[in-house]
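dropping the sequence and predicted coords here.
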Amino acid sequence: MRDSLHQAIRFWEPRRIGYNLALLALAGAWAVRTWPTFRPAVVLPHLPEILVLAGLANLCYCAAYIVELYLYESPVRDSWVRRRSGLWLAGTLFALVLAQYWIGDEIYPYVR
């Protein structure tokens with residue numbers, strides 16, 4: 001189990017940077033594209049809310065460890081190790097879709 005966790009950390013943690021940058025780029029694109037509308041929302045009192053959302057996004061990223069540790073100890077280990085980049089890509093795309101929905105439907109209407 002210790003080796004599995006070590007291998008999971010070595011694979012997933014460097015990719016967390018790309019995951020966070022993708023989400024930051026999406027949020028930045030929303031802010032730039034709709035700056036006059038979002039300007040009142042980009043203030044220091046909203047920082048705790050932004051940090052909570054960023055923390056939740058990173059908590060969701062940790063779900064990959066559940067899959068990783070299960071499959072790393074299974075008979076399909078060799079094929080899993082070759083294909084886990086696909087899980088990263090699918091998870092990142094899912095996070096972007098979810099963030100797009102959240103910003104567009106839950107945050108943007110209340111900023112106006």
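Now that the structure is in, tell me what you want to look at.

okay, now residue 96: neighbour count?
Counted with other C-beta atoms under 10 Å, the neighbours of residue 96 add up to 15. From N, CA and C alone the C-beta is placed, and that goes for glycine too.

surely it meets residue 22?
Yes. Using C-beta atoms under 8 Å, residue 96 is in contact with residue 22, at 6.0 Å.

what distance do you get for the residue of the chain most remote from its centre to residue 85?
What lies farthest from the middle of the chain is residue 75; by C-alpha atoms, centre = their mean that is 28.6 Å. According to C-beta to C-beta, to the nearest Å, residue 75 and residue 85 sit 20 Å apart.

and if you look at residue 107?
The value you get for residue 107 to residue 85, if C-beta to C-beta is used, is 31 Å.

equivalent analysis for residue 95, please.
With C-beta to C-beta as the criterion, residue 95 and residue 85 are 15 Å apart.
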